[in-house]
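1. Show me the folded form of this:
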Amino acid sequence: MMISLFSLFCLSLALAVFSRLIYKLWLGPIRMQQKLQSQGLKGPSYKLLHGNTKEIISMRKEAIKVPCDSGQHDMFPRILPHLNTWMKLYGNNFLIWIGNQPQIVVSEPELVREILNDKEGVYRKIKPVSHVKKLLGDGLVVAEGEKWSKLRKLANHAFHGESLKDMVSAMVESVDIMLERWRYHEGKEIEVSKEFKVLTSDVISRTAFGSSYVEGKNIFDMMMMVF
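-> Below you'll find the model as predicted:
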């Protein structure tokens, strides 16, 4: 009798775990997809376990196979081909699945503004994994609530329209210096990623510290060692 009760308990437990698993991996996502579709938010169909990740990987592989046209400056279809394709199919806002986790892609300017403002605290930020947190720190990107408000006020002046206008001349000067340097490499290959890293550092040096990248190179070198 005891064995029979124990077996029944194990069977019930197994059924409970199996039911929960089925709901989490299939029924739950399907119900959510149907509910959002009824509200007008469409997207690629959910696939068991992997969601849309296989489609995303496949699209990226196909996009990379196509030679890059030097005269084409629109890199969005090449870098994020899945979003480019689905925006054409489903509009500016749509639902995708990373595994069994839903993600709503929003590219409509007014909705983006509303989400970023988030005055009611409705849109919660995803907690970054450890290595991402080391890169981002605890600044505006990951902060929430009162801390975010304080950081936003501190940053507001630096990114105000008038402040950005004052930086234009420094940015132009940095670009002119880079282009002048490139003239000496005519007919030779240029490591563009390295050049743009130097350009970014130079712009930061001129706009934030009033000096060129070359003058503050030691500081940037030490920063790179930290990261």
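2. Could you tell me how many residues sit around residue 81?
-> 19 (other Cβ atoms under 10 Å). (Each C-beta comes from the backbone N, C-alpha and C, glycine too.)
3. Same check on residue 26?
-> 14.
4. Which pLDDT value does the model give residue 217?
-> We note a pLDDT of 61 for residue 217 in this prediction.
5. Likewise for residue 61?
-> For residue 61, the predicted pLDDT is 93.
6. Just give me the neighbour total for it.
-> For residue 61, using other Cβ under 10 Å, the count is 10.
7. same thing with residue 160?
-> Residue 160, neighbours per other Cβ under 10 Å, totals 11.
8. Domain map for this structure?
-> 7-123, 161-226 (automatic domain parsing).
9. Straight-line length of the first one, end to end?
-> Using Cα to Cα, to the nearest Å, the end-to-end distance of domain 7-123 comes out at 46 Å.
10. now stretch 21-33
-> End to end - Cα to Cα - stretch 21-33 spans 18 Å.
11. Equivalent analysis for stretch 18-28, please.
-> Start-to-end, stretch 18-28 (Cα to Cα) is 14 Å.
12. need the helices for this protein, in chain order.
-> Ranges of helices within the chain are 2-22, 28-38, 53-65, 76-79, 81-90, 109-117, 130-136, 145-156, 161-183, 192-204, 217-226, based on DSSP state H.
13. for the ones you listed, which one sits closest to residue 98?
-> helix 53-65 (6.1 Å; Cβ to Cβ).
14. and the closest one, what does it pack onto?
-> For helix 53-65, the packing partners by 3 or more Cβ pairs under 8 Å, 6 or more residues apart in numbering; DSSP states H and E come out as helix 76-79, helix 81-90, strand 93-98.
15. Can you give me the buried ones in it?
-> 55-56, 59, 63 (16 or more other Cβ atoms under 10 Å).
16. repeat for stretch 148-163
-> residue 148.
17. first to last residue in that stretch, what's the distance?
-> Span of stretch 148-163 from end to end, Cα to Cα: 21 Å.
18. chain center to that stretch: distance?
-> Centre-to-centre, stretch 148-163 and its host chain are 22 Å apart (Cα atoms, centre = their mean, to the nearest Å).
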